[in-house]
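> fold the following, please.
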Amino acid sequence: MSVIGSVSQSRMRNTGAVVTTAMPSDVRRWLCFRGGAPTHLRTTLTEGHSRFLTSGGEAVTSIEQLFHTQMKLKLLLVLFTAISLMVSNLPSHATERTFSPTLIIVNATVRTMDPSKPTAEAVAIHGQRVVAVGSNKEIRGMAGAGTRVIDARAQLVLPGFNDSHVHFLSGGFQLSNVDLRTADTQEEFSDRIRRFAERLPSGGWITGGDWDHERWANVNGSAPLPTKELIDRFTPNTPVFVSRLDGHMALANSLALRLAGVRRETPDPPGGLIVRNPKTGEPTGVLKDAAMSYVWKIVPESSFQEKLVAARAATEHAARLGVTSVQDMSAGNDIGVYQTLLERGELKTRVYAVSPLPGWERLARTGVRARFGSHMLRIGGLKGFSDGSLGSTTAFFYEPYKDAPNTSGLAGDEMFPEGAMLTRVREADGAGLQIMIHAIGDRANDLILSIFEQVIRENGERDRRFRVEHAQHLRREDIPRFSRAKVIASMQPYHAIDDGRWAEKRIGKERARTTYAFRSLLDAGATLAFGTDWSVAPLDPMLSIYAAVTRRTLDSKNPQGWVPEQKISVEEAARAYTVGSAHAEFTEKEKGTITPGKLADLVIIARDIFKIDPTEIENVKVVMTIVDGRIVYEARP
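As a prediction, this is how the structure comes out:
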């Protein structure tokens, strides 16, 4: 018998089930323990492939036949394994156990997000996969001498959270950068930069920051932007370029502007704005959107080692918060950083590493398409920009801003020249890559939906999963278009309770009624994928679920919720953070629910967010995080 074509049969103890030696050993042991494959499946395997696996276990000798039949067998083995694991939550009656899970969770309140079995008491894991979901009695009965038993003490177990929109590496850097997010006055803003500059080694830049001028006292009805004069006297020899928390404008001190060559005569670039003193025309230090590139291009690139430190901090931070997967919108050229952590066994978060849309040809030339990679690290997605942000008054609207009537925002530089975005999306989609585009203002959302609809007509129907990142301000007539075109709304609920403090002074009450329109989008049949935009917003999923369910603004001025008709339920919010986010990256068959056969990514939460008062969700903590069957975080008692 040919060694290449050798496939033998073994009779499982007490069952007579057929298993090939080509099947992974742990799966064979599992089927033996569970009592073998169902009769109808054994019949399908045998009769459907009699040329390859005959009743006597004879091998096919033709190399050509062997090639085709081996390919078929591989597909059938996947099906065989999945079905076997799906029935694995039935009690076993095998007389001798040759298999046991590596880990079981018992005495839990399990919400699987799987409609076929929405709740359970216990879960069993073997290696990287969930192998059973059921009662305490059933799962305890599977434990062996080497099984770790976790008593959840009636605490909530959910699928691991999948953040559909982060800037993971910059979030890791921000954990050690100057923190300006909570600076409530200009004086505190200045003082934090002063203290950080005093500790900084000579020659270093101060970046990050994530400041929010909307926290400051209004002057003439609006919050004043910071200026370089606030920080110049503390940083005469230290270049500073600190970003607003939305990343769409930043403040440079005089030294940074001088190094970048930004002067009174410097023109505004397409898609950007240099904020100037209205009396002198001199730059104030604030640069918006594309204008930020004047300074960014001279900021020294972080070393690979510095990036490793930041990525390690990010993945540790994610583990503490129950975030088991992230979709990194700015991975770009840093995929090797994640690969290095993965090779060292230090990556505790699954990463979908997205590249910039303008550079789509580089990825396409490799032949890579969407969904490429391993369960831990994947590529194939492209992120583009159509406009700026509401906080920076650069989100692109049809009507002018109420508090800045001289502008309706800015179309992003990627929208120029006219037609460039359409061409880019059409060609990248034709190369089989996944497209996701940032759109905040109602006009930007309309333009991007129109581009997606045109590309679908031109390139034909397929499972492409176009995404609008943020989908923040929508006209009512545009909401049904998401469902019709199967465009995913990738949204960040925390922004609603943050922006809700001041958004109406900027766009008015009527436009605000379809802002962060979670309820309307779901009712129209759209798929929601939830995330945070970290480090723009905190990475904590509890804050995002709290925001989607209550819509209580951070200033406590909307106790019943800002635009309360757009609230959704805890179930819907949790589903958008698990099932929806998995669908948004083509991984719903591998994760997003606690289902036998799927990856073992789970989180244990201290309180049942489905039962407590929704206003208490923001303070709920993670007790344990499991990724790939490994415990990557465990809270100290």
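> quick one, strands of the stretch 501-637 of the chain?
Applying DSSP state E, counting those that start in this stretch to the stretch 501-637 of the chain gives strands spanning 528-530, 602-605, 622-627, 630-634.
> strands of the stretch 101-250 of the chain, start to end?
Secondary structure of the stretch 101-250 of the chain, counting by DSSP E, counting those that start in this stretch: strands at 103-106, 109-111, 119-120, 122-126, 129-134, 148-151, 156-159, 161-166, 178-179, 206-211, 240-244, 249-252.
> tabulate those strands (a markdown table), appending mean neighbour count, mean pLDDT and distance to Val262.
C-beta here means a position set from N, CA and C on the backbone, and glycine is covered the same way. Below are those laid out as a markdown table (neighbours: other CB atoms under 10 Å; pLDDT from 0 to 100; distance: least, CB to CB, whole Å):
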| stretch | mean neighbour count | mean pLDDT | distance to Val262 |
| --- | --- | --- | --- |
| strand 103-106 | 23 | 98 | 56 |
| strand 109-111 | 22 | 98 | 52 |
| strand 119-120 | 18 | 98 | 59 |
| strand 122-126 | 26 | 98 | 55 |
| strand 129-134 | 26 | 98 | 54 |
| strand 148-151 | 15 | 98 | 56 |
| strand 156-159 | 26 | 98 | 47 |
| strand 161-166 | 30 | 98 | 30 |
| strand 178-179 | 19 | 94 | 22 |
| strand 206-211 | 24 | 94 | 16 |
| strand 240-244 | 26 | 96 | 11 |
| strand 249-252 | 26 | 97 | 7 |
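> okay, now Arg575: neighbour count?
When neighbours are defined as other CB atoms under 10 Å, Arg575 has 22 of them.
> for it, give me its contacts.
When contacts are counted by CB atoms under 8 Å, 6 or more residues apart in numbering, Arg575 touches Met113.
> now it: how far from Glu616?
20 Å (CB to CB, to the nearest Å).
> adding distance to Asp334, write the strands of the stretch 101-250 of the chain out as JSON lines.
Formatted as JSON lines, the strands of the stretch 101-250 of the chain follow (distance: least, CB to CB, whole Å):
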{"stretch": "strand 103-106", "distance to Asp334": "32"}
{"stretch": "strand 109-111", "distance to Asp334": "34"}
{"stretch": "strand 119-120", "distance to Asp334": "39"}
{"stretch": "strand 122-126", "distance to Asp334": "31"}
{"stretch": "strand 129-134", "distance to Asp334": "29"}
{"stretch": "strand 148-151", "distance to Asp334": "35"}
{"stretch": "strand 156-159", "distance to Asp334": "27"}
{"stretch": "strand 161-166", "distance to Asp334": "13"}
{"stretch": "strand 178-179", "distance to Asp334": "22"}
{"stretch": "strand 206-211", "distance to Asp334": "16"}
{"stretch": "strand 240-244", "distance to Asp334": "18"}
{"stretch": "strand 249-252", "distance to Asp334": "20"}
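> the ones you listed: which one's closest to Thr527?
Across the strands of the stretch 101-250 of the chain, Thr527 has its closest neighbour in strand 161-166 (10.6 Å, CB to CB).
> can you list the domain ranges for this protein.
The record assigns the chain these domain ranges, following automatic domain parsing: 9-89, 103-158, 176-296.
> rank the ones you listed by pLDDT, which is bottom?
Across the domains of the chain, domain 9-89 has the smallest mean pLDDT, namely a mean of 40.
> which one of the strands of the stretch 101-250 of the chain lies nearest to Lys348?
Taking CB to CB, strand 161-166 is the member of the strands of the stretch 101-250 of the chain nearest to Lys348, at 13.1 Å.
> need the contact partners of the closest one.
Defining contact as CB under 8 Å, 6+ apart, one finds that strand 161-166 is touched by 318, 321-329, 350, 469-470, 490, 492, 529-534, 539, 541, 577-578, 580-582, 584-585, 591-592, 603.
> just to revisit the earlier point, pick the most deeply packed of the strands of the stretch 501-637 of the chain.
strand 528-530 (a mean of 29; mean count of other CB atoms under 10 Å).
> the strands of the stretch 501-637 of the chain: which one's closest to Ala496?
Nearest to Ala496 among the strands of the stretch 501-637 of the chain is strand 528-530 (11.4 Å), distances taken as CB to CB.
> starting at the chain centroid, how far to that closest one?
Here the centre of strand 528-530 is set off from its chain's centre by 9 Å, with CA atoms, centre = their mean, to the nearest Å.
> give me the sheet partners of that strand and which way each runs.
strand 488-491 (parallel) (DSSP bridges).
> could you give the separation of the partner strand from the chain centroid?
How far strand 488-491 lies from its chain's middle: 11 Å, per CA atoms, centre = their mean.
> that one - what's its average pLDDT?
Per-region confidence: strand 488-491 scores 98 on mean pLDDT.
> show residues contacting whichever helix or strand comes after that strand.
Where DSSP states H and E defines the elements, the next helix or strand beyond strand 488-491 is helix 494-499. Residues outside helix 494-499 that contact it (CB under 8 Å, 6+ apart): 390-391, 470, 472, 515-516, 532-533, 536-538, 543-544, 547-548, 550-554, 562-563, 566.
> so Ala252 makes contact with Val295?
Yes. Using CB atoms under 8 Å, Ala252 is in contact with Val295, at 5.3 Å.
> which neighbours do those two share?
241, 260, 262, 287.
> any chance of these in a markdown table, plus distance to Lys505?
Formatted as a markdown table, those follow (distance: CB to CB, whole Å):
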| residue | distance to Lys505 |
| --- | --- |
| Phe241 | 28 |
| Ala260 | 32 |
| Val262 | 30 |
| Leu287 | 24 |
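> highest neighbour count among those?
Counting neighbours by other CB under 10 Å, Leu287 leads the shared contacts of Ala252 and Val295 with 30 neighbours.
> between strand 240-244 and the helix or strand harbouring it, find me the angle.
Per DSSP H and E, Leu287 falls inside strand 283-289. Strand 283-289 and strand 240-244 are oriented at 50 degrees to each other (axes from the mean of the first three to the mean of the last three CA atoms, to 10 degrees).
> export the helix or strand that comes right after strand 283-289 to PDB, keeping only CA atoms.
Scanning forward in sequence from strand 283-289 by DSSP H and E, the next helix or strand is helix 293-296. This file holds the C-alpha atoms of helix 293-296, laid out as PDB (Å, rounded to 0.1, in the frame of the first residue of the first chain):
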ATOM      1  CA  SER A 293       1.100  66.200   8.000                       C
ATOM      2  CA  TYR A 294       3.300  69.300   8.000                       C
ATOM      3  CA  VAL A 295       4.500  68.300  11.500                       C
ATOM      4  CA  TRP A 296       4.000  64.600  11.500                       C
END
